[in-house]
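In: here is a sequence together with a model predicted from it:
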Amino acid sequence: MSGIEQIKADVFQWKSSTLFYRTWGKGDKLMIAFHGYGLDGKTLYPITQEILEEYTVVAIDLPYQGRTRWRETSTLTGHELKTLIEQFLLHIQHKGKITLLAYSIGGNYALGLVHHCPEIVDKLVLIAADGLKFKLPFWLITRTWIGKALFNGFVLFPQPIFFTIKLGRKINLFPPRVLNFFYESIATKNKRAALRMRWISVSRIMPWQSKVIATINQSKIKVILIFGRKDHVIPVENAVRFSKKIDHCHLEILEQGHQLMHRGNAKVLKSLLEG
């Protein structure tokens with residue numbers, strides 16, 4: 001039986017939205033996993049291949065991504081995320097603690113969830129994860145009226161940003177991979193609209209990083225950070241600073257870039273979870 005055939009797919013109805021999720025593995029421990037930007041739950045399958053005897057992995061397609069159909073008219077808050085996950089755990093009939101795994105933008109959801117319901121989390125695994133550092137530009141364009149207005153304008157009139165990207169390429173303002181990654185995310189009107197909705201969807205989930213850190217330490221949650229030294233999308237320095245503030249934390253730095261969710265890192269994840 002191939003790996004893809006071992007993945008079971010299902011949906012969970014929450015309010016007006018339909019969340020799509022995939023399940024694989026046969027272990028007694030439950031891992032809830034959040035994927036990266038513009039991806040879906042099945043992209044987390046390769047890196048979990050070495051833990052499937054011990055863990056059952058449930059990967060949820062995030063709002064406005066994958067096959068989830070997100071129809072809520074208000075922005076998701078941390079308290080609503082807590083309610084959503086609690087109801088989801090009832091849906092899949094799980095009563096014990098969970099391990100949280102998150103990649104890239106999924107880190108915002110994982111950190112928000114840890115802060116609002118730490119009592120259900122045993123371990124937190126963040127892989128090249130966003131959310132470890134406060135970003136003023138992100139806060140401005142997702143939480144202020146003028147920022148939202150500018151973001152809406154950008155969706156319709158992206159020419160100034162396109163010009164900046166071209167200029168950046170000519171003068172090597174940013175690494176080419178970063179510029180290409182960003183340009184690919186905004187190349188069409190639909191992609192820009194999706195970017196807007198995806199960023200706004202995480203804007204009210206995360207409290208201040210200091211509060212998340214305090215919650216993690218008070219709850220004695222074990223944190224595992226896996227980052228790439230060559231990551232130009234989410235710098236490893238974010239993880240280094242964050243790790244120094246966590247009481248029970250292991251930081252694993254790989255000689256790789258941002259794309260860490262592959263089969264080659266499955267043994268790394270297994271070793272760190274067992275350590």
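Out: Sure thing, it's come through.
In: quick check: closest non-adjacent residue to residue 66.
Out: Sequence neighbours aside, residue 40 is the residue nearest to residue 66 in space, at 3.2 Å (criterion: CB to CB, 6 or more residues apart in numbering). C-beta coordinates here come from the backbone N, C-alpha and C atoms, glycine included.
In: who's in contact with the one you found?
Out: Taking CB atoms under 8 Å, 6 or more residues apart in numbering as the criterion, residue 40 is in contact with 20, 59, 61, 65-67.
In: what's the end-to-end length of stretch 44-62?
Out: End-to-end distance of stretch 44-62 (CA to CA, to the nearest Å): 13 Å.
In: give me the distance between the residue nearest to residue 203 when sequence neighbours are not counted and residue 244.
Out: Closest residue to residue 203 apart from its sequence neighbours, by CB to CB, 6+ apart: residue 142 at 3.7 Å. In this view, residue 142 and residue 244 are 27 Å apart by CB to CB, to the nearest Å.
In: in this structure residue 97 contacts residue 120, no?
Out: Yes. Using CB atoms under 8 Å, residue 97 is in contact with residue 120, at 5.7 Å.
In: related to what we said a few turns ago, which of residue 142 and residue 244 has more neighbours?
Out: residue 142 (19 against 9; other CB atoms under 10 Å).
In: measure the more buried one to residue 217 for me?
Out: Here the criterion is CB to CB. By it, residue 142 lies 27 Å from residue 217.
In: follow-up on the earlier one: highest neighbour count among the contacts of residue 40?
Out: Most surrounded of the contacts of residue 40: other CB under 10 Å gives residue 59, at 26 neighbours.
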